[in-house]
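1. Make a model of this:
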Amino acid sequence: MEQLQAFDRGTCGTSDLTDVLGFPPVLDACCGPKMMWFDRQGARCLFADIRAETHITDKRPGRSPVEIAPDVISDFSDMGFPDESFWLVVFDPPHIIRNAPLGWITKKYGVLSGEWREMLRLGFSECFRVLKPNGTLIFKWSDSNVPVSEILKLTPEKPLFGHRSGKQSATHWIAFMKPNAEIRGD
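-> Below you'll find the model as predicted:
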């Protein structure tokens, strides 16, 4: 749990989880540059990512640098948080498959390389592990390299609903709810 010590517990909002565990009730498991967030410093969310880095481009003068600044360094396929810690988990993994982050987009959002299917399978498993029973997982995926139908085969959990967005409707937002083991009879 060494990575949890990097989080500034004094910036948290109030919740049972924050009071007991020292971090907020929402987890962004691979936050990247936090592009989807209205409040990128929000105290209600713990921002995690495997990397912390800043990218500056010469090709886009006047553009602000892209900063990947998670609260904690954590690999979404092996997060190290206690079981059933969060009410809401956001899972927006890189969706471009490549050996290295070559261009601006891959530097900004990251890449999947190597055994990426197993990495995503473990990522789904970890996200559900850290969710409380009846907690919500919001999964975001772009069909740029791999169709979402192939990605959904990597988890046994069934989505509740979803929505397509973007200029070409290639980005999928999908909501899952973690089953309550007591209700299921596990």
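2. what are the ranges of the strands in this structure?
-> In the chain, the strands defined using DSSP state E lie at 26-28, 45-49, 53-55, 66-68, 72-73, 86-91, 131-142, 161-165, 171-177.
3. which stretch among the ones you listed comes nearest residue 102?
-> With CB to CB, the closest approach to residue 102 among the strands of the chain belongs to strand 53-55: 12.4 Å. Every C-beta, even on glycine, is put in place using the N, C-alpha and C of the backbone.
4. The closest one pairs with which strands?
-> strand 66-68 (antiparallel) (DSSP bridges).
5. neighbouring contacts of the strand it pairs with?
-> By CB atoms under 8 Å, 6 or more residues apart in numbering, the residues outside strand 66-68 that reach it are 31, 32, 33, 49, 51, 52, 53, 54, 55, 56, 107, 108.
6. For the fourth one, give its distance to residue 115.
-> Shown here: residue 49 relative to residue 115, a distance of 20 Å by CB to CB, to the nearest Å.
7. residues near residue 153, how many?
-> Other residues near residue 153 come to 10 when the count uses other CB atoms under 10 Å.
8. any chance you could map the helices in the protein?
-> For the chain, the helices defined by DSSP state H cover 16-21, 104-109, 116-130, 148-152, 181-184.
9. winner for burial among those helices?
-> Most buried of these, by mean neighbour count (mean count of other CB atoms under 10 Å): helix 116-130, with a mean of 19.
10. Output the below-cut-off pLDDT ranges for this structure.
-> Flagging of the chain using pLDDT under 70 yields the residue ranges 1-22, 58-60, 101, 181-186.
11. 80 - rerun?
-> 1-23, 57-64, 98-108, 166-168, 180-186 (pLDDT under 80).
12. higher neighbour count, residue 49 and residue 115?
-> residue 49 (23 against 11).
13. Stretch 64-74: end-to-end distance?
-> Criterion CA to CA, to the nearest Å; first-to-last residue distance in stretch 64-74 is 25 Å.
14. and residue 160, what is it in contact with?
-> Residue 160 touches 175, 176, 177, counting by CB under 8 Å, 6+ apart.
15. Tell me who's in contact with residue 154.
-> Residue 154 makes contact with 117, 120, 121, 124 under the criterion CB under 8 Å, 6+ apart.
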